[in-house]
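[1] what shape does this take:
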Amino acid sequence: MAQPAKLVHEALTAFEKLSLSTRRRLAERLLERSRPSARTVLVAFEQFDPATEARLQYLMDRSNEGTLGRAERRELDSLVLEHQHMMLANSEALLRVSRPDLFDTQGHLVPARLDKAVREKASRLRSRRSPQRLTKSGPVK
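    Just a heads-up that it's a prediction; the model follows:
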């Protein structure tokens, strides 16, 4: 096996041994370093494969019609839960590229940083909405 091919094989073998969240963070870092320009942002989103997506839609339609059996209800509940977890992971991936300051050096979200950022944003939005009365000398505080 040629040297580059061997290295790729070894890297993929090591990659397979990592947890899913660590794989995701590693993939994001690799993509980050291979992007074409500093202005390009790459985000990996999770999604169902087409067959699972079609099954979810079928079960939701049956549920809306009121014709879902117990086993199908459990399957639907399981798929909905899985979908919610994917959406949460996707939100975190988008947050990671848009607000890297909210993560520690290992790539984990720091709840205190997130809480502070949310509070600061809410405060800015509130201050923007509060009406200011104007006088001849300027706004009244």
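[2] residues contacting the residue nearest the centre of the chain?
    With distances taken as C-alpha atoms, centre = their mean, Asn90 lies nearest the centre of the chain, 2.1 Å away. Residues in contact with Asn90 (C-beta atoms under 8 Å, 6 or more residues apart in numbering) are 45-46. (Glycine included, C-beta is placed from N, CA and C.)
[3] how near is Ser123 to Ala117?
    Counting by C-beta to C-beta, to the nearest Å, the separation of Ser123 from Ala117 is 11 Å.
[4] returning to what we had before: need the per-residue pLDDT for the residue nearest to the centre of the chain.
    We have a pLDDT of 95 for Asn90.
[5] which strand or helix spans it?
    helix 70-98 (DSSP states H and E).
[6] residues of that helix that come out buried?
    76, 79, 83, 89, 92-93, 95-96 (16 or more other C-beta atoms under 10 Å).
[7] and the residue nearest to Gln47 when sequence neighbours are not counted, what does it touch?
    Distances taken as C-beta to C-beta, 6 or more residues apart in numbering put Met86 closest to Gln47, at 6.8 Å, once the chain neighbours are dropped. By C-beta under 8 Å, 6+ apart, Met86 lies in contact with 46-48.
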